[in-house]
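1. Need the 3D shape of this:
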Amino acid sequence: MASTDKTAASPPKSEAPPVAVAKCPFNYSLVDVALRVLLFAATLTSLVVMVTSKQTELVPVLGLPVRVPVPAKFNHSPAFIYFIAALSVTGLYSIITTLASVSVVLKPTYSKSFLLVFAFLDVLFVGIVASATGAAGAVAYNGLKGNSHVGWTKICGVYDKFCRHIGSSVSLSLFAAILLVLLSMMSTFTLYIKIRD
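-> Below you'll find the predicted structure:
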């Protein structure tokens with residue numbers, strides 16, 4: 001009889017290499033730097049437009065046939081002064097964080113720490129810029145439409161250049177607030193991706 005001692009050759013077990021998590025090919029750091037530079041440009045432009053908003057017009061005095069020159073300046077309103085202060089601090093913040101973002105691009109070893117700080121501070125500055133924009137926008141709206149309930153008259157019919165400056169400045173600060181929201185979301189998302197890896 002023939003021997004049946006054949007060793008069954010078992011198929012070699014193939015060890016599958018560990019599945020590597022695909023790195024995102026998109027470079028969020030460069031977009032972060034670009035958005036922070038854009039934030040600086042928006043806050044600086046808004047500041048310049050607000051600070052240069054002044055106009056003097058001859059306004060009639062009630063009961064007299066005399067016209068008196070009355071100036072309209074941004075520093076006549078506490079809301080506009082708060083607006084200037086908030087945007088000045090935000091502009092400084094954007095310079096500092098732009099430099100920090102550039103350092104993250106050059107040396108990515110500290111990127112997680114920077115992203116966490118960026119996420120917290122971006123949310124804080126969203127609140128600051130949004131509140132300043134709301135305060136300045138409310139005063140600008142009262143200047144544009146007036147308020148008949150409390151006897152405030154419209155001034156934008158007389159101080160048209162002043163009101164255009166205020167409206168442009170408030171619009172630019174609203175754009176800056178939207179940029180800060182995008183930066184906050186992007187910092188949080190990028191931090192999530194780096195922690196997940």
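2. What score does the residue nearest to the spatial centre of the chain have for pLDDT?
-> Nearest to the geometric centre of the chain sits residue 180, at 2.6 Å (Cα atoms, centre = their mean). Residue 180 carries a pLDDT score of 96 in this model.
3. and it, what helix or strand is that in?
-> In this assignment (DSSP states H and E), residue 180 forms part of helix 160-196.
4. Show me what that helix is packed against.
-> Applying 3 or more Cβ pairs under 8 Å, 6 or more residues apart in numbering; DSSP states H and E, we find helix 160-196 packed against helix 28-51, strand 54-60, helix 78-106, helix 111-145. Yep, even glycine has a C-beta here, placed from its N, CA and C like the rest.
5. Let me have those in JSON lines, extended by distance to residue 185.
-> Converted to JSON lines, the helices and strands packed on helix 160-196 look like this (distance: least, Cβ to Cβ, whole Å):
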{"stretch": "helix 28-51", "distance to residue 185": "11"}
{"stretch": "strand 54-60", "distance to residue 185": "37"}
{"stretch": "helix 78-106", "distance to residue 185": "15"}
{"stretch": "helix 111-145", "distance to residue 185": "9"}
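6. Can I get those in TSV including mean neighbour count and distance to residue 191?
-> Formatted as TSV, the helices and strands packed on helix 160-196 follow (neighbours: other Cβ atoms under 10 Å; distance: least, Cβ to Cβ, whole Å):
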stretch	mean neighbour count	distance to residue 191
helix 28-51	20	10
strand 54-60	13	44
helix 78-106	18	12
helix 111-145	18	4
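7. looking at those, which one has the lowest mean pLDDT?
-> strand 54-60 (a mean of 85).
8. partners of that strand in the sheet?
-> Strand partners for strand 54-60, identified by DSSP bridges, are recorded as strand 67-73 (antiparallel).
9. list the buried ones in the strand it pairs with?
-> Buried positions in strand 67-73, judged by neighbour count with 16 or more other Cβ atoms under 10 Å: residue 72.
10. Give me the residues contacting it.
-> Contacts with strand 67-73, where a contact means Cβ atoms under 8 Å, 6 or more residues apart in numbering, come from 53-61, 155, 159, 162.
11. how about CSV for these, with distance to residue 106 added?
-> Formatted as CSV, the contacts of strand 67-73 follow (distance: Cβ to Cβ, whole Å):
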residue, distance to residue 106
53, 40
54, 43
55, 47
56, 50
57, 53
58, 58
59, 57
60, 63
61, 64
155, 51
159, 49
162, 45
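12. Can you tell me which of those residues lies closest to residue 168?
-> residue 53 (8.7 Å; Cβ to Cβ).
13. any idea how far residue 124 is from that closest one?
-> Distance of residue 53 to residue 124, given as Cβ to Cβ, to the nearest Å: 27 Å.
14. I'd say residue 84 and residue 49 touch.
-> No - contact criterion Cβ atoms under 8 Å: residue 84 and residue 49 do not qualify, at 11.0 Å.
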